[in-house]
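Visitor: requesting a structural model of the entry that follows:
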Amino acid sequence: MPTSPVKTRIPLTSFGHLITEVKRQVFGIEAPGSVELTGLRKHFNSYTLRGRRNCVLATYGIFAVGAAAYWMHRRNKKESQAPVSAA
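Guide: Down below sits the predicted model:
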């Protein structure tokens, strides 16, 4: 398995790991602890697995609600355009 050019204990399994290590070692940037995150940042962030999961679920939920609204609007539009026969 290839290793990162940055001195790290983490093997280079993804580009994200490499970026995290470069930020930590070169720029001194550390991910905030869970105590530092407040409000919506505590639930929707890119630092924790739970935060990433919540972002994905929110995105899927928005697409699902949008698709449902589209299909309902489309069905109502078809019903209102049905020809009325004069008897």
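
Visitor: buried residues in the lengthiest helix in the chain, which are they?
Guide: Longest helix of the chain, by residue count under DSSP state H: helix 49-80. By neighbour count on 16 or more other Cβ atoms under 10 Å, the buried set for helix 49-80 is 51, 54. For glycine as for every other residue, the C-beta is placed from the backbone atoms N, C-alpha and C.

Visitor: other SSEs contacting it?
Guide: helix 40-43 (3 or more Cβ pairs under 8 Å, 6 or more residues apart in numbering; DSSP states H and E).

Visitor: let me see the mean pLDDT of the helix it packs on.
Guide: Here helix 40-43 scores 84 as its mean pLDDT.

Visitor: only C-alpha atoms, please: export it in PDB.
Guide: Written as PDB, here are the backbone C-alpha positions of helix 40-43 (Å, rounded to 0.1, in the frame of the first residue of the first chain):
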ATOM      1  CA  LEU A  40     -26.300  23.400  13.500                       C
ATOM      2  CA  ARG A  41     -22.600  22.900  13.100                       C
ATOM      3  CA  LYS A  42     -22.800  20.200  15.800                       C
ATOM      4  CA  HIS A  43     -25.200  18.200  13.600                       C
END
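
Visitor: now do that helix: which elements does it pack against?
Guide: helix 49-80.
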